[in-house]
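> Requesting a structural model of the entry that follows:
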Amino acid sequence: MSDSAAKSDTPAGEQLPVPDRSLTVAPERLAGSPQCLNCGTILQGPFCHFCGQPDRNFLRFFPVLLRELLEDFLDFDSRFVRTMKPLLFKPGKLTRDYLDGRRFRYTPPLRLYIFSSIACFFFAALLAGDAIRVSTDGVSSEGPATGVHVGTPEDPKVRAVLDRLDPETRQQAEAALAQAAEEQAAVHQDGGEAEGTTEDDHDDEDTITINGEPWDRETNPFIIEWMPDWVNDWVNDEIEQSPQKGKEIEQNPDLIREKVFDVLPATMIALLPIVALLLKFWYLFAKKYYIEHLIFALHGHSFLFVMLLIILLLGAVGDWLQPSGDGNLSGAIQSATVVIGIWIPLYFLFALKRVYQQGWAMTLTKYFLIGFSYLILLSLATAFVALLSFVLL
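Below you'll find the model as predicted:
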C-alpha cells in the first residue's frame with residue numbers, strides 16, 4: 001500500500017504524531033499509530049485484522065519489555081492449567097471443545113502431546129537408571145555376570161537409608177546385608193575356578209540354529225528368498241554380532257535401557273497416525289474426518305502420559321520417604337495407584353461416548369474392539385522397540 005493510500009485512509013480530523021528527531025524511532029512507527037506498522041491497514045483493535053500483527057513494538061525500555069515477556073509466559077501457563085483439568089477429569093471434553101471451535105483457551109493438542117510425552121519419558125528414563133544401578137559399594141565389574149552388588153552397612157549411602165528405618169527393621173536389614181556380602185564373597189572366590197567350564201557352556205547356549213543346524217555365515221546362513229541381498233546380509237551381520245551384544249548388555253544393562261528410551265518416543269509418535277486410522281476404521285460411518293480421530297488420539301495419549309508420570313512420581317516419593325514400604329504414606333500411594341489404574345480404562349470409555357456421541361451399547365462394543373486392537377498394536381510396537389534397540393547397540 002502506497003504512502004498516499006495510507007494517508008487517505010486516515011480518519012478525518014486525526015493527525016499523525018509530529019516526528020521527534022531526538023528519538024531513535026519516529027513516533028508514527030511506535031505502538032499506538034492508527035495504521036498497522038506492517039501493512040498499513042487502519043487498526044480497529046490491538047491486532048491488525050488483515051495481517052494479524054499486534055500493535056506493539058519491542059524497541060522500548062528493557063524492564064517494560066521483560067514484564068511483557070513474563071506476561072506472555074504466564075498467559076501460556078494459564079492456558080496449560082486450564083487444559084489440565086478437563087484433560088484429567090473430564091473425559092473427551094478437551095477433544096469435543098476443540099472440534100466445536102473452542103480452542104484458544106486450551107494448549108494445542110500437538111504441543112500438549114509433546115510436553116507430556118517428554119516429561120513422562122524423561123522421568124521414566126531417570127527412575128529406570130536409578131533402579132538398574134543396584135551397586136552402592138563401589139565394587140568393580142569383575143564380579144558375577146549379573147553386575148548386581150550388595151552394599152555393606154558401613155557404606156555411607158547404605159547407612160543413610162538404614163538410619164531412616166525403625167530399630168527392629170534396621171537390625172534385620174543389617175543382618176541380611178552381612179549375610180548377602182558373605183555369599184557374594186564366596187561367589188567371587190569360586191568364580192575363577194568355574195570360569196573355564198562356564199564359558200564353554202555359555203558358548204553352547206549362545207549358538208543360534210537355522211533349520212535345525214548351527215548358524216554359520218558361510219555354510220548355513222539365514223536366507224529369506226524373496227528379500228533383497230542387502231537385507232539378508234544385514235540380518236546375518238546382526239546374528240553374528242548378537243552374542244557379543246548379549247554379553248555387553250549382561251555386563252551393563254544401561255546400554256539397552258538408553259537405546260530403548262532413544263527409540264521409544266519416536267515410535268510412539270509414529271504410532272499416532274496408525275491409532276487414528278484404527279479409530280477411523282471402527283467409526284467408518286460416523287462421518288468424521290481423519291484429523292478429528294487424530295486429535296482424539298493426541299489427547300488420549302497425552303492423558304495416558306500424564307497418568308503414567310503421576311504414577312512414577314508417586315512411586316519415587318514413596319521410595320524416598322518410606323524405603324521400607326511399611327507406612328501410611330506407602331499405603332496411600334498404593335491406593336492412589338490403584339485408583340489411577342481403574343480410572344484410566346473408564347476415562348477412555350467415557351471419552352469415546354462423549355466425542356463420538358453414540359449409544360452405550362455401540363460405545364461399549366467399539367470400546368472393547370478398539371482396546372483389543374490397540375493392545376495388539378502396542379505389542380507389535382514394543383517388539384519393534386526391543387528389536388531396534390538391540391540392533392542399534
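> which stretches of the stretch 151-300 of the chain have low pLDDT?
For the stretch 151-300 of the chain, the stretches flagged by pLDDT under 70 are 151-166, 168-170, 172-173, 176-177, 179-208, 211, 254.
> how about a cut-off of 90?
151-267, 285-287 (pLDDT under 90).
> Could you pull out the helices in it for me?
Here the stretch 151-300 of the chain has its helices, by DSSP state H, counting those that start in this stretch, at 156-162, 167-205, 229-251, 254-282, 290-321.
> Run a quick neighbour tally on Gln244.
A total of 11 residues lie near Gln244 under the criterion other CB atoms under 10 Å. For every residue, glycine as well, the C-beta is placed using N, CA and C.
> Tell me how far it lies from Leu392.
The spacing between Gln244 and Leu392, counted by CB to CB, to the nearest Å, is 14 Å.
> Same check on Gln357?
Taking CB to CB, one finds Gln357 at 44 Å from Leu392.
> Now for Leu277: which residues touch it?
By CB atoms under 8 Å, 6 or more residues apart in numbering, the residues touching Leu277 are 290, 293.
> Can you tell me how far it is from Met362?
According to CB to CB, Leu277 stands 20 Å off from Met362.
> again, but for Lys245
Lys245 sits at a distance of 49 Å from Met362 (criterion: CB to CB).
> Next: Gly318.
In this view, Gly318 and Met362 are 41 Å apart by CB to CB.
> Looking at the two now, which is surrounded by more residues?
Gly318 (20 against 13).
> Surely the more buried one and Gly325 touch.
Yes. Counting by CB atoms under 8 Å, Gly318 does reach Gly325; the two are 7.3 Å apart.
> any shared contact partners between those two?
With the criterion set as CB under 8 Å, 6+ apart, the contacts of Gly318 and Gly325 do not overlap.
> Got the domain ranges for this structure?
Recorded structural domains for the chain (assignment: automatic domain parsing) are 3-60, 64-140+252-393, 142-205.
> number of nearby residues for the closest residue to Tyr98 other than its chain neighbours?
With sequence-adjacent residues excluded and distances taken as CB to CB, 6 or more residues apart in numbering, Tyr98 is closest to Ile295, at 5.9 Å. Residues lying near Ile295 (other CB under 10 Å) number 20.
> tell me the contacts of Ile295?
95, 98-99, 109.
> Who wins on neighbours among those?
Neighbour max across the contacts of Ile295 (other CB under 10 Å) = Thr95, 24 neighbours.
> That residue and Ala297 touch, don't they?
No. In this structure Thr95 lies outside contact range of Ala297 using CB under 8 Å: 9.4 Å.
> Look at Trp215 and say how many residues are nearby.
17.
> What separation do you get for it and Ala270?
31 Å.
> got it, and Phe121?
Phe121 sits at a distance of 15 Å from Ala270 (criterion: CB to CB).
> quick one, which of those two is more surrounded?
Using other CB under 10 Å as the criterion, Phe121 and Ala270 rank with Phe121 on top: 18 against 11.
> got the contact list for the more buried one?
Contact analysis of Phe121 by CB under 8 Å, 6+ apart lists 261, 264-265.
> any idea which element it lies in?
Phe121 belongs to helix 109-132 when assigned by DSSP states H and E.
> for that helix, which positions count as buried?
Judged by neighbour count (16 or more other CB atoms under 10 Å), helix 109-132 contains these buried residues: 109, 111-113, 115-117, 119-121, 124-125, 128.
> tilt between it and helix 290-321?
Angle of helix 109-132 versus helix 290-321, following axes from the mean of the first three to the mean of the last three CA atoms, to 10 degrees, is 30 degrees.
> mind checking how far Pro221 is from Gln241?
Going from Pro221 to Gln241 by CB to CB gives 14 Å.
> Please apply the same query to Asp262.
As judged by CB to CB, Asp262 and Gln241 stand 18 Å apart.
> Please apply the same query to Phe47.
Distance of Phe47 to Gln241, given as CB to CB: 59 Å.
> Ok, Ala178 next?
Using CB to CB, Ala178 is found at 42 Å from Gln241.
> Verify the stated contact: Cys51 with Cys36.
Yes. Between Cys51 and Cys36 there is a contact at 6.4 Å, judged by CB under 8 Å.
> pLDDT below threshold where in the stretch 1-150 of the chain?
Residue ranges of the stretch 1-150 of the chain with pLDDT under 90: 1-82, 101-105, 107, 111, 123-150.
> the strands in it, which residues?
Applying DSSP state E, counting those that start in this stretch to the stretch 1-150 of the chain gives no strands.
> Can you show me the helices along it?
Assigned by DSSP H, counting those that start in this stretch, the helices in the stretch 1-150 of the chain fall at 3-8, 62-89, 93-99, 109-132.
> returning to that earlier point: now, which of the buried residues of helix 109-132 sits nearest Tyr347?
Ser116 (14.4 Å; CB to CB).
> Nearest spatial neighbour of the closest one, chain-adjacent residues omitted?
In this structure, Ser116 finds its nearest non-sequential neighbour in Phe305, 4.0 Å apart by CB to CB, 6+ apart.
> Same check on Trp343?
Here the nearest residue to Trp343 in space, its sequence neighbours aside, is Met307; by CB to CB, 6+ apart that works out to 7.6 Å.
> tell me the contacts of that neighbour?
88, 340, 343-344.
> For PyMOL, what selects the buried ones among these?
Remark: buried members of those, expressed as a PyMOL selection using 16+ other CB under 10 Å:
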select buried, resi 88+343
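> Could you list which of the contacts of Met307 belong to strands?
Among those, no residue falls in strands (DSSP state E).
> Many thanks, I have nothing further to ask.
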